[in-house]
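Asker: Any chance you can model this:
(2 chains)
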2 protein chains.
Amino acid sequence: MFRKAGIALTPSELEKVEVADFGLGNLAVQGLQLVTYINTDRYCAKELALFPHQTCPEHLHPPVGGDPGKMETFRCRWGKVFLYVEGEPAASVQAAVPPGSEAYYTVFHEIVLTPGEQYTIPPGTKHWFQGGPEGAIVSEFSSTSRDEFDIFTDPKVERMPVIEFDD
Amino acid sequence: MFRKAGIALTPSELEKVEVADFGLGNLAVQGLQLVTYINTDRYCAKELALFPHQTCPEHLHPPVGGDPGKMETFRCRWGKVFLYVEGEPAASVQAAVPPGSEAYYTVFHEIVLTPGEQYTIPPGTKHWFQGGPEGAIVSEFSSTSRDEFDIFTDPKVERMPVIEFDD
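Answerer: Now for the predicted structure:
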C-alpha cells in the first residue's frame, strides 16, 4: 500500500513497519499499520496505513505531566479515511462500527478525508477512524507521541505489545 | 513537481503555494517553494519543492523566548537534495554554491537525501540545501515555525516579503 501510494520508505523502515492489533486479535477489523519517521520531545511524524474498512479504535490523548496531551493533524495521502471526533453526530455514519464492539464507539462527528485533505484533533478529544473501500495512507503530524498513555474506550485494548512468558 | 511526486494538494493549497526568493531577486538560483500544512504552537509540517539546483540560502533558527529554536526533520519524498550543516566539511562538495554568494555559504558537512531518507537538524545549527539535477520534494516535520526570526548568513536576505509603497 505504501508503494501504491508513492510513499518512499527505506529498506530498514519497511522491515520494521509497526503492526498494532491493540491486543484484540482481529487485525483486519481493528488495527493499524504505521511507520514512525521521527518522535522527539518536541514533535512527531508518522505514516499510517489502514486496510480497507480497518478501524483504529476510539481513544484520546490525555495530559501527561506538563504536556496538555497530544495534538495531531491527519492528512490523507491516498485512498479515503472516515474520521470521527466529539461533536454533532452525523445523521448517518458512513463507516461501519466493528461488530461486537458497538459499546466502545461513542463519538460520531464525521469528517471524510480524501487525498490532500487534513484535519487537526485537539488534545483530550475522543476519536476513531476507518479506512475507506480501498484503505488509506495518512500522514500524522503531531506533538510528541506517548502511546503508552493513550486512553481507549474499550477496556480490552492493549496499545503496547504484551510479552507473555511460560511459567 | 508536486503532481509528479504524487503529492496530493487541494485546489486552495495549490493556489497559495509560497514562493520565497529571499529578496535576492533570482528565484531559480536562490529560492524555495513551499506549502505549510499546519503550524501550531506545538508543531509544524510543510512540503518543500526545490527546482533543479535551486538553493535555500544558509540560515539558522535561534532561540525565541522560551523556545530553544526550531528543530526540523527533512525527509526526501522525491528527487534528491544536498543538505549542508555544521560539522566536518566534505572533501568535495557535490552542490554548487550560488555564484557571487560564496561568502554566505560557510558550512559544508554534506548529507545527501534520496527518497525515503531523512535528517534531523538540531536548533541553532547553520544549514543550507540544494535540489539535485531533477529538483526535490522534501517533507519538513518540525517544532513551531517562526520564519521571521530566522538568521541568514547573507545580510541581503529578506525572509519575509517586503511591501514597497510609492511616495
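Asker: switch to C-alpha atoms for all contacts and neighbour counts from now on
Answerer: Will do.
Asker: which other residues reach stretch A:124-134?
Answerer: A:50-63, A:69-70, A:79-86, A:95, A:105, A:107 (Cα atoms under 8 Å, 6 or more residues apart in numbering or on different chains).
Asker: Just the buried residues from these, in PyMOL please.
Answerer: To isolate the buried members of the contacts of stretch A:124-134 in PyMOL, using 16 or more other Cα atoms under 10 Å in any protein chain shown:
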select buried, chain A and resi 50+51+52+53+54+55+56+57+58+59+60+61+62+69+70+79+80+81+82+83+84+85+95+105+107
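Asker: gap between A:Val19 and B:Leu48?
Answerer: A:Val19 sits 30 Å away from B:Leu48, going by Cα to Cα, to the nearest Å.
Asker: higher neighbour count, those two?
Answerer: B:Leu48 (22 against 14; other Cα atoms under 10 Å in any protein chain shown).
Asker: residues in contact with the more buried one?
Answerer: Per Cα under 8 Å, 6+ apart, neighbours of B:Leu48: B:Leu32, B:Gln33, B:Leu34, B:Val35, B:Ala136, B:Ile137, B:Val138, B:Ser139, B:Glu140.
Asker: Find me the pLDDT at A:Met160, would you?
Answerer: At A:Met160, the model reports a pLDDT of 79.
Asker: For it, which non-adjacent residue is closest in space?
Answerer: Nearest residue to A:Met160, sequence neighbours excluded (Cα to Cα, 6 or more residues apart in numbering or on different chains): A:Glu148, at 6.4 Å.
Asker: So the closest residue to A:Pro161 other than its chain neighbours versus A:Thr36, what's the distance?
Answerer: Leaving aside its sequence neighbours, A:Pro161 sits nearest to A:Gly23 (Cα to Cα, 6+ apart; 7.3 Å). Between A:Gly23 and A:Thr36 the distance is 20 Å, computed by Cα to Cα.
Asker: Spell out the residue ranges of the strands in chain A.
Answerer: Ranges of strands within chain A are A:18-20, A:32-39, A:44-50, A:55-60, A:72-85, A:109-113, A:118-121, A:127-142, A:151-152, based on DSSP state E.
Asker: isn't the residue nearest to A:Pro161 right next to A:Asp154, touching?
Answerer: No: counting by Cα atoms under 8 Å, A:Gly23 does not reach A:Asp154; the two are 10.9 Å apart.
Asker: So for A:Thr144, what's the pLDDT?
Answerer: For A:Thr144, pLDDT reads 97.
Asker: Which neighbouring residues are in contact with it, exactly?
Answerer: Contacts of A:Thr144 by Cα under 8 Å, 6+ apart are A:Asn39, A:Thr40, A:Asp41, A:Arg42, A:Tyr43, A:Cys44, A:Lys70.
Asker: Output the residues you listed as JSON lines; include the columns pLDDT.
Answerer: Shown next, in JSON lines, are the contacts of A:Thr144 (pLDDT from 0 to 100):
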{"residue": "A:Asn39", "pLDDT": "98"}
{"residue": "A:Thr40", "pLDDT": "97"}
{"residue": "A:Asp41", "pLDDT": "96"}
{"residue": "A:Arg42", "pLDDT": "97"}
{"residue": "A:Tyr43", "pLDDT": "98"}
{"residue": "A:Cys44", "pLDDT": "98"}
{"residue": "A:Lys70", "pLDDT": "98"}
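Asker: can you list the contacts of B:Leu48 in CSV and add pLDDT?
Answerer: Below are the contacts of B:Leu48 laid out as CSV (pLDDT from 0 to 100):
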residue, pLDDT
B:Leu32, 98
B:Gln33, 98
B:Leu34, 98
B:Val35, 98
B:Ala136, 98
B:Ile137, 98
B:Val138, 98
B:Ser139, 98
B:Glu140, 98
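Asker: Between all of the residues you listed, which two are separated the most?
Answerer: Greatest spacing in the contacts of B:Leu48, by Cα to Cα: B:Val35 and B:Ala136 (13.9 Å).
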